[in-house]
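K.L.:
take this sequence and fold it.
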Amino acid sequence: MDELRILYCDEALVAVDKPAGLLSVPGRGPDKADCAIARLQQRVADALVVHRLDMGTSGILVFGRGPAAQRALSRAFEQRLSDKRYEAWVAGLPEADAGEVALPLRADWPRRPRQMVDAQLGRPALTRWQVLARDAAGGRSRLALMPVTGRSHQLRVHLAAIGHPILGDELYAPPADHAAAPRLLLHACRLALPHPVSGATIVVESPAPF
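P.N.:
Numbering: from 1, shown residues only. Next up is the predicted model:
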């Protein structure tokens, strides 16, 4: 698996480029101990978890250095002061050039870790999207995705719900679209957020590897 690459590091925070296939935090059992935070703490001992990316998603993951920075960064995410941008290849060719998906989400308990749209019990979730390229011959499109909320699996469920599942998605894409890519074609490519000490906006970028 690819190495965990440090994109930005100062006295308060660290941003890394997480490879696809690596957990953000440890899972249950010794076979799931290898993860981004464990690898990073070998190099930056005071790094603490702020947010997560799905195992199949690659890209920018931020950690606070010490509890105070961790709290400040966590607050920034909770208060939606962070500006996140992802890129993905999805099945199909959207008719519009941009749009948004506002569908409430909740855990699909019998089929965990799957999430589902639920108009009654779901929590509000909003995703904005924009077409970057259309591959008519391949029947697929490259999208920029800007989640306003941060629900679990939000981008994956929202894109599947509007008929454009992310290619390589083993949970939400039909078998043909799952098999169309060797990995989940979703990458966290840009993150802007206030620095936990100075308050100045920090921008971290990572080009999509696909």
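
K.L.:
what's the pLDDT at the residue nearest to the spatial centre of the chain?
P.N.:
When C-alpha atoms, centre = their mean is applied to the chain, the residue found nearest the centroid is Leu53 (4.6 Å). On pLDDT, Leu53 comes in at 97.

K.L.:
over to the one 3 residues further on?
P.N.:
Note for Gly56: predicted pLDDT of 97.

K.L.:
so it, which of the three states?
P.N.:
coil (DSSP: H, G, I helix; E, B strand; the rest coil).

K.L.:
which residues touch Arg151?
P.N.:
Applying C-beta atoms under 8 Å, 6 or more residues apart in numbering to Arg151 gives the contacts Leu105, Gln115, Arg123, Ala125. Where you see a C-beta, it was placed from the backbone N, CA and C, and this is true even at glycine.

K.L.:
per-domain residue ranges of this protein.
P.N.:
5-81, 85-186 (automatic domain parsing).

K.L.:
what's the closest of these to Val204?
P.N.:
domain 5-81 (4.4 Å; C-beta to C-beta).

K.L.:
so what's the residue nearest to the centre of the chain up against?
P.N.:
Lys18, Ser24, Gly59, Leu61, Ala188.

K.L.:
quick one: the strands in this protein, in order.
P.N.:
Along the chain, counting by DSSP state E, strands occupy 5-9, 13-18, 47-49, 58-65, 83-91, 98-102, 105-107, 115-117, 126-135, 140-147, 186-194, 201-205.

K.L.:
now mean neighbour count too, for those, in TSV please.
P.N.:
Below are the strands of the chain laid out as TSV (neighbours: other C-beta atoms under 10 Å):
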stretch	mean neighbour count
strand 5-9	14
strand 13-18	24
strand 47-49	21
strand 58-65	24
strand 83-91	22
strand 98-102	14
strand 105-107	19
strand 115-117	19
strand 126-135	16
strand 140-147	20
strand 186-194	22
strand 201-205	15
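
K.L.:
for Ala176, which of the ones you listed is the nearest?
P.N.:
So among the strands of the chain, strand 83-91 is nearest, using C-beta to C-beta, at 8.2 Å.

K.L.:
now for that closest one, which elements pack on it?
P.N.:
strand 140-147, helix 154-161, strand 186-194 (3 or more C-beta pairs under 8 Å, 6 or more residues apart in numbering; DSSP states H and E).

K.L.:
so who does the nearest residue to Asp97 once chain neighbours are set aside touch?
P.N.:
Counting by C-beta to C-beta, 6 or more residues apart in numbering, the nearest residue to Asp97 once its immediate chain neighbours are dropped is Val131, at 5.0 Å. Each residue near Val131 by C-beta under 8 Å, 6+ apart is listed here: Pro94, Ala96, Asp97, Ala98, Ser141, Arg142, Leu143.

K.L.:
if we can go back for a sec, quick one: which of the contacts of Arg151 is nearest to Asp177?
P.N.:
Of the contacts of Arg151, the one sitting nearest to Asp177 (C-beta to C-beta) turns out to be Gln115, at 17.8 Å.
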